[in-house]
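Chemist: All I have is the shape, not the residue letters:
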């Protein structure tokens with residue numbers, strides 16, 4: 001009879017034991033979530049904005065080329081007697097230096113012959129002038145109808161004078177041919193090709209060498225559409241910085257000479273020509289810059305007013321983050337005029353009182369409360 005009451009009490013004993021175990025575990029467990037301290041606000045660095053006027057810098061690239069290339073030819077025929085030591089491929093010769101000399105005996109003889117012909121023609125002219133003077137005196141004693149131009153020897157005088165002029169022209173040609181036996185450099189030049197040697201006979205008009213003018217060089221640079229909007233109204237004569245990148249960079253001063261006057265049909269760009277004086281540094285102590293070098297060209301464009309200059313990493317999809325007066329994050333949509341190296345040039349969407357966030361939190365949100373650590377002066381230097 002005592003077994004039945006025990007079976008009836010067994011469920012209540014189990015429930016009581018379970019409740020006691022739950023209370024023991026709860027009392028020894030961690031504190032509830034409600035007792036945790038609130039999460040700290042993210043700390044950010046900011047910078048005050050200050051606009052400024054900015055001179056746009058336009059950058060392009062091109063190849064340095066000579067302003068002039070001459071296919072040199074001989075103007076007279078003859079045997080090559082000698083040539084300048086620098087008249088070799090890769091050599092540099094100065095303006096007016098004799099590149100090579102041709103055998104000149106025949107041309108010296110032609111000069112002597114022309115001088116003799118001139119002397120003979122001048123003698124004939126003197127004689128004819130004397131005869132004309134005699135005829136003029138005799139004509140005073142004759143009737144006027146008998147005094148003709150032929151009697152006064154005017155045709156003979158004109159013919160003798162023409163012979164003198166012809167002889168002068170022949171002498172001039174002979175002297176020119178004699179001078180052309182020595183072929184001189186038309187300018188300071190780099191010898192690109194030489195096709196003659198000592199003892200070789202060359203004919204008049206034969207190609208003998210190719211020369212590049214090293215007194216100046218040209219760089220043709222393309223200007224993209226987004227840069228052409230920032231070109232100044234008058235750019236001819238503007239200074240330009242020419243840089244050849246390498247282990248040791250070389251810099252030279254250039255001048256914008258002109259544009260080519262057409263738009264490239266394949267790229268839709270305009271092309272400008274930058275001139276560099278004395279690229280091989282013949283007349284200066286600067287580092288030489290060789291033809292064929294691929295160089296960077298920079299020059300100043302238009303001046304932009306009231307511009308904010310921000311590092312590119314702060315501008316994401318034309319948006320930047322600022323901290324308002326209540327220390328909350330706010331997104332600002334800005335208008336980016338152009339990018340220059342690591343900076344963005346902005347003219348709309350910001351004000352002078354805005355505090356730009358330099359260290360944006362990992363998950364920024366509008367209205368997120370932040371704490372300002374320090375005001376940095378990195379922006380818009």
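Modeler: Sure, I can see it. What you are looking at is a predicted structure, and each value in this text was computed from that prediction instead of being measured.
Chemist: Same question for the helix or strand residue 100 falls within: list its buried residues.
Modeler: Element membership for residue 100, per DSSP states H and E: strand 98-102. Along strand 98-102, these residues count as buried under the neighbour rule (16 or more other Cβ atoms under 10 Å): 99, 100, 101, 102. For every residue, glycine as well, the C-beta is placed using N, CA and C.
Chemist: How about stretch 338-345?
Modeler: Here stretch 338-345 shows 338, 343, 344, 345 as buried, counting by 16+ other Cβ under 10 Å.
Chemist: Could you list the residues in contact with that stretch?
Modeler: 54, 56-57, 226, 230, 304, 307-312, 314-315, 336-337 (Cβ atoms under 8 Å, 6 or more residues apart in numbering).
Chemist: What's opposite residue 259 in the beta bridge?
Modeler: residue 272 (DSSP bridges).
Chemist: quick one: contacts for it?
Modeler: Here residue 259 is in contact with 235, 270, 271, 272, 273 (Cβ under 8 Å, 6+ apart).
Chemist: Among the residues you listed, give me the pair with the biggest separation.
Modeler: 235 and 271 (12.9 Å; Cβ to Cβ).
Chemist: Now the buried members of the contacts of stretch 338-345.
Modeler: Applying 16+ other Cβ under 10 Å to the contacts of stretch 338-345 flags 54, 56, 230, 304, 307, 308, 309, 310, 314, 315, 337 as buried.
Chemist: quick one: which of those residues is nearest residue 253?
Modeler: Nearest member of these to residue 253, counting by Cβ to Cβ, is residue 56, at 19.5 Å.
Chemist: Distance from the chain centre to the strand or helix carrying that closest one, please.
Modeler: Element membership for residue 56 (DSSP H and E) is strand 52-66. Centroid separation for strand 52-66 versus its chain: 7 Å, with Cα atoms, centre = their mean, to the nearest Å.
Chemist: and what of stretch 255-262?
Modeler: 10 Å.
Chemist: tell me which residues in it are buried?
Modeler: 255, 256, 257, 259.
Chemist: from the residues you listed, which has minimum pLDDT?
Modeler: On pLDDT alone, residue 259 ranks lowest of the buried residues of stretch 255-262, at 90.
Chemist: picking up where we left off before, strand partners (parallel or antiparallel) of the strand holding residue 100?
Modeler: Strand 98-102 is paired, per DSSP bridges, with strand 78-83 (antiparallel), strand 182-184 (antiparallel).
Chemist: one step back: what strands flank whichever helix or strand comes after the strand holding residue 56, and is each parallel or antiparallel?
Modeler: Sequence-wise, the next helix or strand downstream of strand 52-66 (DSSP H and E) is strand 69-73. Take DSSP bridges as the rule and strand 69-73 pairs in its sheet with strand 207-213 (antiparallel).
Chemist: I figured residue 166 hits residue 124, correct?
Modeler: No: using Cβ atoms under 8 Å, residue 166 makes no contact with residue 124, being 11.6 Å away.
Chemist: Counting by contacts, list what the strand ranked longest in the chain packs against.
Modeler: Criterion DSSP state E: the longest strand present in the chain is strand 294-311. Under the contact definition 3 or more Cβ pairs under 8 Å, 6 or more residues apart in numbering; DSSP states H and E, strand 294-311 sits against strand 52-66, strand 216-223, strand 239-244, strand 343-348.
Chemist: Which single one of the buried residues of stretch 338-345 is nearest to residue 325?
Modeler: residue 344 (25.1 Å).
Chemist: From residue 308, how far off is that closest one?
Modeler: 8 Å (Cβ to Cβ, to the nearest Å).
Chemist: can you check residue 324 too?
Modeler: For residue 324 relative to residue 308 (Cβ to Cβ), the value is 17 Å.
Chemist: any idea of the angle the strand holding residue 56 forms with strand 207-213?
Modeler: In terms of direction (axes from the mean of the first three to the mean of the last three Cα atoms, to 10 degrees), strand 52-66 departs from strand 207-213 by 170 degrees.
Chemist: Now strand 52-66: average pLDDT?
Modeler: On average, strand 52-66 scores 91.
Chemist: Just the buried residues of it, please?
Modeler: 54, 56, 58, 60, 62, 64, 65, 66.
Chemist: can you name the two of these that are farthest apart?
Modeler: Spanning the widest gap among the buried residues of strand 52-66 are 54 and 66, at 36.1 Å by Cβ to Cβ.
Chemist: before we move on, the earlier item: could the buried residues of strand 52-66 be laid out in a markdown table, adding distance to residue 241?
Modeler: Converted to a markdown table, the buried residues of strand 52-66 look like this (distance: Cβ to Cβ, whole Å):
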| residue | distance to residue 241 |
| --- | --- |
| 54 | 17 |
| 56 | 14 |
| 58 | 11 |
| 60 | 12 |
| 62 | 13 |
| 64 | 14 |
| 65 | 18 |
| 66 | 21 |
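Chemist: and which of these is nearest to residue 356?
Modeler: Closest to residue 356, out of all of the buried residues of strand 52-66 and judged by Cβ to Cβ, is residue 54, at 16.8 Å.
Chemist: Might one say that the closest one is in contact with residue 309?
Modeler: Yes: look at residue 54 against residue 309 with Cβ under 8 Å: they come within range, at 6.4 Å.
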